[in-house]
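K.L.:
mind looking at a prediction? Sequence and model below.
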2 protein chains.
Amino acid sequence: MAPIAIAPFQTTSELTHSGIKHTITKTAPSIITNGNSTIINELDASKLVFTRNLSPRAVPEPDSPEVWTQSVCTDHMLTCQWTSTSGWGVPHLQPYGPLQLMPTASVLHYATECFEGLKLYRGHDLKLRLFRPNCNTRRMLNSATRIALPAFDPDELQNLIEALVAVEGEKWLPKSRPGTFLYLRPTMIATAAALGVQKPKEALLYIIACCFPSFDTPSGTAGPGGETVQQSSKARPGLKLLASKEDTVRAWPGGFGYAKVGANYGPSLIAQGEAKARGFDQVLWLLGKNCEVTEAGASNFFVVWRTSGGKLQLVTAPLDDKVILDGVTRRSVLQLARERLGGDLEIVERKYTMSDVEVAAAEGRLLEAFAAGTAFFIAPVHSIHFRGEDLEIPMSEGSTGKYTAILKTYLMNIMYGREKDHQWSVVVDEKQLDA
Amino acid sequence: MAPIAIAPFQTTSELTHSGIKHTITKTAPSIITNGNSTIINELDASKLVFTRNLSPRAVPEPDSPEVWTQSVCTDHMLTCQWTSTSGWGVPHLQPYGPLQLMPTASVLHYATECFEGLKLYRGHDLKLRLFRPNCNTRRMLNSATRIALPAFDPDELQNLIEALVAVEGEKWLPKSRPGTFLYLRPTMIATAAALGVQKPKEALLYIIACCFPSFDTPSGTAGPGGETVQQSSKARPGLKLLASKEDTVRAWPGGFGYAKVGANYGPSLIAQGEAKARGFDQVLWLLGKNCEVTEAGASNFFVVWRTSGGKLQLVTAPLDDKVILDGVTRRSVLQLARERLGGDLEIVERKYTMSDVEVAAAEGRLLEAFAAGTAFFIAPVHSIHFRGEDLEIPMSEGSTGKYTAILKTYLMNIMYGREKDHQWSVVVDEKQLDA
């Protein structure tokens, strides 16, 4: 049985609602004819059908306890079904509500699931923006195909994301609240109701928009994907990391650490829970006998240090082994640093170990460290607990390091429109729904 | 929102139906009082409530195309909800049907899910039996806690399994069909509707019973968990395995390969699909630069060889690194071989490599190989494709090896009651539902 989304609210259908950019503009499916004349429809945002939620909910106050639950979604969600025999169905923009899945559905047994996380920003110029959504949609294509879910045109996924936020922006990120954001979660799950461990024959793509708190404010921090990490009570701001032990390894060469698949998250929760119980904010994931530094929580991890030869470097682990997520924030930090800080800093993607970090710290060459991810954003790190000792990281600016702060400001200026017309900004054309 | 199971059939509630062993026998929860006087209910099968399915479906013919879909479940399923604040709720034996999950449910994003696979057998003596269900329930406890899902008393889970099969056995495994089985799938998923990457706060345990074909007959084979592998057209019976490449690793030390969590299955589907497309039945999963042999598909893997010193050995990979599933069939094969074949065979759990297998084959010392798992059962292997070459494995008995056949017969005799009163057999007390 394919899942059907059913609305918990009182609704009626309003096809091709006038306020939506992507209404039904073609009825004939786009057809790919292979040698066997099979007709497989591609993902096509232009076929979108809109069913308006006639019982919308109230928008919670920013940073309210309700928002901290990370469970309040907007009035609508985007869904699109896929089958191996007919391809992608008609995308529906419809009232937010529960999904129906048979108990045999593949996703509930075999983790045939992947997702993305990106944000919708209400700029200080009152415009609505996405930040490099093409990076998310292309990464989602990589994740989907790694977990045997169907491929799609990433630009069509971006069109669907834009269709959702175009109707939600005005209400859920009101112009009275510049500098706020919504968290967007494109998700794909395998839905076919059969217990065989096999390539999914049915799938559901859906996109939801969720109210999230600002994790990079003093009240808390979070891992990408939205892990809530209330900052532990301590004098100093910044994250306290607990280095992972050899018996707990997040990802492995030849595995799937680079993909945003569910299988990278659930298995990390025990180690994360232990870290929190011991008063740490996140796990710093190490790999191998020489303790290569990989990620912090589910964020990418950066250090700023001076080499023994005196060079100032911004360092993060490389993507080569496919152990590390190709983070959009990571990629943006690297590119901005190369473009704008290249005179000060050498930008280096290399394998490095806890021993390298320890020696740099001991010799006074370790200057900054930060985690970087979408939900987490740029979060300064003030200490790493490794083999029974706390390795302290200086914070030259009090609550952050100098370059950590500069890079965060660069990004915020692009996201919230203080830096005009940056090529990474996608301004969303807002749609007004009739009252 | 906690998930609710809704029935697709026309139903009415019949609490404490007279035909069920476990009806409501206590109303007061079992209470664990910790230092904070929190009341947390334990999983308790004695609280079971039964809602009968009044629109039952027809039982498909054994080995019919419908059965091969692995999607036909019996009339009822067992569900039990858990929350972090109140523990386990009242177990419900209720009509089989879809689950409702919010789009933000943890299981759909973070693979917070685990399962078990075991079978219910209709014996040649017409009795209904489970095979070592205590092994499955204890392993499920290990899997659940590895993926941050709640703990439970495994004996209570067994009671719930028995409650389900006690009502389904008579109809779904009729006495007119001795030698048949149903596949049972206890499952646990994290259901809390919140996007934070955090330890699950709500979960659903459910148990379903599914009609499965006999994969160990000539018509096909399957991986544990039910992977359908129609045998490729070829002259020789037995599985053709494709050795994995270094860039595709199923499990790793410090990971979770030992646990029956969803995260071990979805990521393997691409390699499995490639193997099938190339005409192989399954992937033989290797680990590390020296190509240690670990599992076949998602089954355990055994070889019978003669050492260069002349000793006859039954060899399988060890559990030490937690890379390999502690299979119930694996464990049973090892124990039966030790008890009954110890005079002929040395039983060895050790790391061994493809090089060891190749040398044994080249010197004529490799005698048999087989995959062992619940759905797969005991499946002889006739070749392994490794680094461009087919390594052929003799089949002394034509379609199987001598010890492979003996061990399979031992197991079948216990499962189907030809071997009377074996300690691994749990005879189920069948309940008759009123017409």
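P.N.:
Great, that's in hand.

K.L.:
show me what the longest helix along chain A is packed up against.
P.N.:
Determined from DSSP state H, the single longest helix within chain A is helix A:154-172. The helices and strands touching helix A:154-172, judged by 3 or more C-beta pairs under 8 Å, 6 or more residues apart in numbering or on different chains; DSSP states H and E, are strand A:76-83, strand A:92-95, strand A:118-122, strand A:128-131, helix A:133-146, strand A:181-190, strand A:202-210. Using the backbone N, CA and C atoms, a C-beta is placed for each residue, glycine as well.

K.L.:
residues of the last one that come out buried?
P.N.:
When neighbours are counted by 16 or more other C-beta atoms under 10 Å in any protein chain shown, the buried residues of strand A:202-210 are found to be A:202-210.

K.L.:
three-state assignment of A:Y410?
P.N.:
Per DSSP: H, G, I helix; E, B strand; the rest coil, the secondary structure class of A:Y410 is helix.

K.L.:
let me know the distance separating A:C135 from A:Q335.
P.N.:
A:C135 sits 11 Å away from A:Q335, going by C-beta to C-beta, to the nearest Å.

K.L.:
who has more neighbours out of those two?
P.N.:
A:C135 (19 against 12; other C-beta atoms under 10 Å in any protein chain shown).

K.L.:
ok so, going back, filter the buried residues of strand A:202-210 by proximity to chain B?
P.N.:
A:206, A:208, A:210 (C-beta under 8 Å from any C-beta of the partner chain).

K.L.:
on that earlier part again, and the longest helix of chain A, average pLDDT?
P.N.:
Mean pLDDT, helix A:154-172: 97.

K.L.:
again with stretch A:192-202
P.N.:
94.

K.L.:
ditto for stretch A:354-361
P.N.:
Here stretch A:354-361 scores 97 as its mean pLDDT.

K.L.:
gap between the two ends of stretch A:73-88?
P.N.:
Start to finish, the residues bounding stretch A:73-88 are 25 Å apart (C-alpha to C-alpha, to the nearest Å).

K.L.:
number of nearby residues for the residue lying closest to A:A193 once chain neighbours are set aside?
P.N.:
Nearest residue to A:A193, sequence neighbours excluded (C-beta to C-beta, 6 or more residues apart in numbering or on different chains): A:M102, at 3.6 Å. Using other C-beta under 10 Å, A:M102 has 22 other residues around it.

K.L.:
just checking, A:M102 touches A:A190?
P.N.:
No: applying C-beta atoms under 8 Å as the test, A:M102 and A:A190 come out as separate, 11.7 Å apart.

K.L.:
got phi/psi on A:S46?
P.N.:
The phi/psi pair for A:S46 (degrees, to the nearest 10) reads phi -70, psi -10.

K.L.:
assign A:L54 to helix, strand or coil.
P.N.:
At A:L54 the chain is in coil, as set by three-state DSSP.

K.L.:
that one: how many residues sit nearby?
P.N.:
Applying other C-beta under 10 Å, we find 13 other residues in the vicinity of A:L54.

K.L.:
and the pLDDT for it?
P.N.:
95.

K.L.:
tell me the angle the longest helix of chain A makes with strand A:202-210.
P.N.:
Interaxial angle, helix A:154-172 versus strand A:202-210 (axes from the mean of the first three to the mean of the last three C-alpha atoms, to 10 degrees): 40 degrees.

K.L.:
which positions in helix A:154-172 come out as buried?
P.N.:
So, applying 16+ other C-beta under 10 Å, buried residues of helix A:154-172: A:154, A:156-169, A:172.

K.L.:
which of those sit farthest apart?
P.N.:
A:P154 and A:W172 (24.4 Å; C-beta to C-beta).

K.L.:
format the ones next to chain B among the buried residues of strand A:202-210 as TSV; extra columns: pLDDT and distance to B:P380.
P.N.:
Below are these laid out as TSV (pLDDT from 0 to 100; distance: C-beta to C-beta, whole Å):
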residue	pLDDT	distance to B:P380
A:Y206	98	44
A:I208	98	48
A:C210	97	51
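
K.L.:
which one of those is nearest B:R365?
P.N.:
A:Y206 (55.0 Å).

K.L.:
ok now do the residue lying closest to A:Y110 once chain neighbours are set aside, which residues does it touch?
P.N.:
Leaving aside its chain neighbours, A:Y110 sits nearest to B:Y265 (3.8 Å; criterion: C-beta to C-beta, 6+ apart). Under the criterion of C-beta atoms under 8 Å, 6 or more residues apart in numbering or on different chains, the neighbours of B:Y265 are A:109-112, A:197, B:225, B:298.

K.L.:
go through the residues you listed and flag which are in helices.
P.N.:
Using DSSP H, the subset of those located in helices is A:109-110.

K.L.:
any stretches of chain A with poor pLDDT?
P.N.:
Along chain A, the model assigns pLDDT under 70 to residues A:1-38, A:216-236, A:435.

K.L.:
quick one, domains of it?
P.N.:
Under the assignment automatic domain parsing, the domains of chain A span A:8-210, A:234-400.

K.L.:
off-centre distance for the first one?
P.N.:
Spelled out, that is domain A:8-210. Distance of domain A:8-210 from the chain centroid (C-alpha atoms, centre = their mean, to the nearest Å) equals 14 Å.

K.L.:
who in the stretch 201-350 of chain A is up against chain B?
P.N.:
A:206, A:208, A:210, A:212, A:222-223, A:225-228, A:246-249, A:252-256, A:261-270, A:272-273, A:297-298.

K.L.:
then the stretch 51-200 of chain A?
P.N.:
A:69-71, A:73, A:77, A:96, A:98-104, A:106-113, A:115, A:145-148, A:183, A:185, A:187, A:189-190, A:192-200.

K.L.:
narrow the residues you listed to just the buried residues.
P.N.:
Among those, those buried by neighbour count (16+ other C-beta under 10 Å) are A:69-71, A:73, A:77, A:96, A:98-104, A:106-113, A:115, A:146-148, A:183, A:185, A:187, A:189-190, A:192-200.

K.L.:
got the contact list for the residue lying closest to A:R146 once chain neighbours are set aside?
P.N.:
Sequence neighbours aside, A:A259 is the residue nearest to A:R146 in space, at 4.3 Å (criterion: C-beta to C-beta, 6+ apart). Shown in contact with A:A259 (C-beta under 8 Å, 6+ apart): A:114, A:142-143, A:146-147, A:325.

K.L.:
how about A:L336?
P.N.:
Counting by C-beta under 8 Å, 6+ apart, A:L336 touches A:407, A:410-411.

K.L.:
with A:A371 instead?
P.N.:
Counting by C-beta under 8 Å, 6+ apart, A:A371 touches A:239, A:282, A:296-297, A:299-302, A:378-379, A:381.

K.L.:
restricted to strands, list those residues.
P.N.:
Counting by DSSP state E, the members of the contacts of A:A371 that fall within strands are A:239, A:282, A:296, A:299-302, A:378-379, A:381.

K.L.:
report the central residue of chain A.
P.N.:
Nearest residue to the geometric centre of chain A (C-alpha atoms, centre = their mean): A:G117, 2.4 Å.

K.L.:
so that one makes contact with A:A375?
P.N.:
Yes: counting by C-beta under 8 Å, A:G117 does reach A:A375; the two are 6.1 Å apart.

K.L.:
select, out of the domains of chain A, the one closest to B:Q432.
P.N.:
Short answer: domain A:8-210, nearest of those by C-beta to C-beta, at 25.2 Å.
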